[in-house]
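*Asks:* show me how the following folds:
(3 chains)
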Amino acid sequence: MGVLMVSNLAKAFGGVQAVAGVSFCVAAGEMLAMIGPNGAGKTTCFNMLNGQLAPDAGAIEMQGQSLLGKTPREICRAGVGRTFQITATFASMSVRENVQIALLSHARRLGSLLAAMENKFLKEANELLDQVGLRAQAGRPCAELAYADLKRVELAVALASRPRLLLMDEPSAGMAAAERHAMIQLAAQLARASKIAVLFTEHDMEVVFQYADRVIVLCEGALIAQGTPDEVRADARVRRVYLGELSEPTGDA
Amino acid sequence: MEYTSVLIQFLNGLASASSLFLVAAGLSLIFGVTRVVNFAHGSLYMLGMYMAVWLSERIGFWLAVPMAAAIVGLLGAVVEMVLLRKIYQAPELLQLLATFALLLVIKDAALWVWGAEDLLGPRAPGFAGTVQIADGALPQYDLLLIALGPLVLVVLHFMLAKTRWGILIRAATQDREMAGALGVNQRWLFTGVFALGALLAGLGGALQIPREPANLSIDLSVISDAFVVVVVGGLGSIPGAFLAALLIAQAKTFCIALGYSKATLVVEFMVMAAVLVIRPWGLLGRVPANLRGPAAVPLPFHPPSPRMLRIFAVLSGALVLLPLASDAYALVLLTDILIFALFATSLHFILGPAGLYSFGHAAYFGLGAYAAGIFSLQGKFPMELALALAPLAAGLAALVFGWFCVRLSGVYSAMLTLAFAQIAWSAAFQWDALTGGSNGIVGVWPAPWLASKTAYYYLTLLLCAGAIIFLWRAIFSPFGYALRAARDAPLRAEASGIAVRSMQWAAFTIAGLTAGIAGALYAFSKGSISPEAMGVQRSVDGLVMVMLGGLQTLSGPLWGAALFTWLQDAAARNIDYWRAATGAVILALVLLWPNGLGSFLQSKK
Amino acid sequence: MKRLPVGALVLALLFLSEVQAQTIRIGELNSYKTFAAFLEPYKKGMELALEEINRAGGVNGSKLELVSREDGGNPGDAVRVAEELISREKVALLTGTFASHVGLAVANLAAQRKIVFIAAEPLTDKIVWENGNRYTFRLRASTYMQTAMLIPEAVKLKKQRWVIVYPNYEYGQSATASFKKLLSKAQPDVQFVGEQAPPLGKIDAGAVVQALIDAKPEAIFSSLFGADLQKFVREGKLRGLFKNTVVFNLLGGEPEYLDPLKDETPEGWWVTGYPWSQIKTPAHQKFLDAYRKKWQDYPRLGSVVGYTTIYSAANALRKARSTDPEKLIAALKGLEMDTPFGPIVYRAVDHQSTMGAYVGQLSAKGGKGSMVNWRFADGANFLPPYEEVRVLRKE
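*Replies:* Predicted coordinates:
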């Protein structure tokens, strides 16, 4: 039984079919990678899942509950956490405060006007920061952090909502190879430990094949293959798509 | 109305639209490229008028008009190079403050050069008569203006579409960073654009002299009209500005034609409110590529350091003990300062942590004041009850207006706050039976036990300090952090389950409520309340106080309010050209400490 | 050594209080920046009066001192400035203000703080009637009085169709209300066929003139002034509004508003004003000569107002022989005095002076505006009866 069930998802932009009838599911504790060349429809897919885009057709169900027509906030409440392709953290706050505010939001305790936030959910925030390895930097303003650390802050913020599904759009974009491995490894480790389903997109195939439990491949809006990393690696269509892409270099890598 | 008069009124409307378009086009152009909201644009228009009147006595009208425009354009270039260049990186509201200071300086400079009397220019030679339209008459000059508006639109359009310079401008309008990356020499591009915008403003002013005498109050009335046109048309869109000028000029003209001349006070703001509610980015505006909050990089707020707390403790102690040692006037002045400190802090609450612009915060100050007056005089409530209820009225208004305002962002939201404030102002101004009309409400005095200056000072100190501490605590409460989260990264906040709009709406309401406390205290301290209490000037004063103190510091609004109020009081008494002096002080502060006085104090700690 | 500074301080204080005893301070506040064009002559008038009074030995053996302040043009700031004059400058009485709402706010403060206030420029009827209080006196002929002065001429014309144009605030509104009331009473068949109330300083003259033309009026009553009036005159002439209509314009003959019209001055308009160059009474001639000598400029109406305000204060102080507010009130009630316009009385019933104004027609002879066919209208003849006033004052 999957945490997230997507069936026949479709979206067109002015005649261009960006996503055409994609179906898949993610199970608890599973790392599912979504790959595909540029323009394959990955970002469109993600934006429909997180409520920023309304699909033309199809169903998105989270543990039996439909996410269609829900706002990003309601989707969060339904148990979906996410990180952004362009890192988004609360730049005017410290690392710990970033996590605290997400914890408070999850506990629906934002209405308090008079009590200082300082000591609220301190223990939980520290635990999460321990998990992502940022405890030592907890007091620093986000604006000062290195890029890779910001990504970790974002992960901790996403986890603070206690999601059962985590959507990560290119979590390792813009990182050096070593950092990239560390980031995905961390996500995988946390997902497995807390039985969180993870759906992520990733350009680095080495990372994908090393850490994903399963892989789905999108091409021109359609799902052309899915399976274990080995199965996908062996798939003829996937090879064609990727070899084709490799033969003509693109700007994005 | 007969057919002829409808036609003539329509042509009147077209002529007004052309004048409006010229000044708005320049403002829009400057905003589009430099992202500076040029408050001094109306002053450039005013200079164009004076210059043209002065020159036409010497070289004739037709030479004077282009000359005046060119001189104002040149002045624009100088202003850009000397002042604006230094502050492009500063927060947007600080740029606004700098151009506001410029407005003050230019006004007094014009007073100094041309004197206080209105200067009526000559009629345009060759266009001094009328043309007959059926049995009506239209001035020939109006026909010239009608033709000139579209002509300028076409010329600007051609220049932007076909010339290299124009293409660069468009690139910069759409994406400043991109244009920079393309190797565009931004410095000269910006100077050029500012000069062109200034030239258009000067031209608009110069062309107006046959219809209107040059006078010192034209700057503010023009800038407010031009803002409305630019926003209704869509920021940065020249055709949009044209369309909006047409819409607003015709709306005003037909208010007069149909006998609702009193509505001209407010019709443009009603049009703007309607347009913004239906089309949030104006008639032809596009959703801006990257909307940011008031500060480019949000700096962290620090809870007051122990040293700061000690300073506050000493300060509070001094304020409590002060009546023992000071004369009565110091108490009066301090009461004003305390009230404005609360007003500025409440404005800061939405500008800073919530990242919402407001150009109309005086509405809530004024509503609080009016409610206090109405409750105590019309309602015959005891003063204490009126004082307690008045802020609720302001809060209620903020609740209603805020719902619309938080749906927009950036300058658009700010202009909607301005529109609502103007609508509220006009209600206060025209609703004689309830508000006393232009006279306002007179005789709003505190209860006998609070009547002495000392007693009222303590009441003000208690309420203002209490409300300020409440707002400060709120900034460091979960609610305050959620506001900052929503400001720093709205999508991230939503995805973490934070109800961004509702949070901002609540913040807007709280700010309105606390501004209402300040307003009610103000009413009882002055004994009267008039429409000025909720006018644009008061909103601008609030912004100036906050910006002087610094947006990203907690205590900034306090220092800003104190400095500004004291400066006004002292400068008005001792210096003839006190407006220019205030402007000069603001400019100096802006250039020396672009992040405000508060940041200066913090850096010293 | 420590004693010396203390001793010096005591001496200085004694000396200061000595100086204080020798001068009487008059506190004055006005919107010098907002209405600069009209208040500069006013201030010159005040300074002339002050100089004359002090040269003649001052008042009650003390020199008069004028403490003048900018009131910021709004009631809130004005009240603070007045507080400063009262508590820091220790002035004996307050004068000044221009706009109605500022005048009313300061008048109310005067009652609260129990200090005499002589309102100089505000025209609003309310300051002595609906909102009148025992501390507030007003010099100038009010909106009601000046409107009433124009009524006899208006009635004589027997015009049926009137239109009205006025700046949309207290002064214009109450002028309009008074005019309608008084004319309807004198000429019951009159019709008011159109009304235009442009915002002060922002008249859209073309559209307003066209709308008035459409109403097909026989006569126009206007209370426009300043830039609004200039725009109205120019557009109205151009579009032919005035060809077949008679125009009455309150204040239109005051040099402040008339002079900027120059050769465009509309011929034949009925106005209230101040034909300074044609008044040959000895009282006015003396003032005119002194003013021209001191300032090398001719007086405007504001000059007369400023001049007479200071003399009112001085005369009241003289009559009261004291700076005590109660004694000053008693002195001002029914105070009779001479002014460049002739003798006036501060009426005891409503504290309004009977200062009059000149009513006449405009002429553009010689390329500049002047008044012709004028007569002096004594304010005493244009005030409502005591009973009506008492009802209004709610005392």
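
*Asks:* which parts of the stretch 251-395 of chain C sit against chain B?
*Replies:* Within the stretch 251-395 of chain C, the residues that sit near chain B (C-beta under 8 Å from any C-beta of the partner chain) are C:260-262, C:264. C-beta: built from backbone N, CA, C; applies to glycine.

*Asks:* farthest pair within the residues you listed?
*Replies:* Longest distance between any two of those is 9.1 Å, between C:260 and C:264; criterion C-beta to C-beta.

*Asks:* got any residues that touch both of those two?
*Replies:* B:120, C:230 (C-beta atoms under 8 Å, 6 or more residues apart in numbering or on different chains).

*Asks:* quick one: which of the two has more around it?
*Replies:* When residue C:260 and residue C:264 are compared on other C-beta atoms under 10 Å in any protein chain shown, the one with more neighbours turns out to be residue C:260, at 21 against 16.

*Asks:* sec struct for that one, please.
*Replies:* What DSSP: H, G, I helix; E, B strand; the rest coil gives for residue C:260 is helix.

*Asks:* which element, helix or strand, includes residue B:71?
*Replies:* helix B:61-82 (DSSP states H and E).

*Asks:* would you mark the buried spots in whichever helix or strand comes after that helix?
*Replies:* Next helix or strand after helix B:61-82 toward the C-terminus (DSSP H and E): helix B:92-114. The neighbour-count check on helix B:92-114 (16 or more other C-beta atoms under 10 Å in any protein chain shown) flags B:92-111, B:114 as buried.

*Asks:* overlap between those residues and the residues near chain C?
*Replies:* Counting by C-beta under 8 Å from any C-beta, residue B:111 from the buried residues of helix B:92-114 sit close to chain C.

*Asks:* now the helix holding residue B:71: mean pLDDT?
*Replies:* What helix B:61-82 shows for mean pLDDT is 95.

*Asks:* in what helix or strand does residue A:128 lie?
*Replies:* Using DSSP H and E, residue A:128 falls within helix A:122-132.

*Asks:* just the CA atoms of that helix, as PDB, please.
*Replies:* Taking C-alpha atoms only, helix A:122-132 is exported to PDB below (Å, rounded to 0.1, in the frame of the first residue of the first chain):
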ATOM      1  CA  LEU A 122      13.700  23.700  21.700                       C
ATOM      2  CA  LYS A 123      14.300  20.000  22.400                       C
ATOM      3  CA  GLU A 124      12.500  18.900  19.200                       C
ATOM      4  CA  ALA A 125      14.400  21.500  17.100                       C
ATOM      5  CA  ASN A 126      17.700  20.400  18.500                       C
ATOM      6  CA  GLU A 127      16.900  16.800  17.700                       C
ATOM      7  CA  LEU A 128      16.100  17.600  14.100                       C
ATOM      8  CA  LEU A 129      19.300  19.700  13.900                       C
ATOM      9  CA  ASP A 130      21.200  16.700  15.300                       C
ATOM     10  CA  GLN A 131      19.700  14.600  12.600                       C
ATOM     11  CA  VAL A 132      20.700  16.800   9.800                       C
END
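
*Asks:* who touches it?
*Replies:* A:95-96, A:99-100, A:103, A:135, A:137-138, A:152-153, A:155-156, A:159-160, A:186, A:190.

*Asks:* list only buried entries from those.
*Replies:* The neighbour count (16+ other C-beta under 10 Å) marks A:95-96, A:99-100, A:103, A:137-138, A:152-153, A:155-156, A:159-160, A:186, A:190 as buried among the contacts of helix A:122-132.
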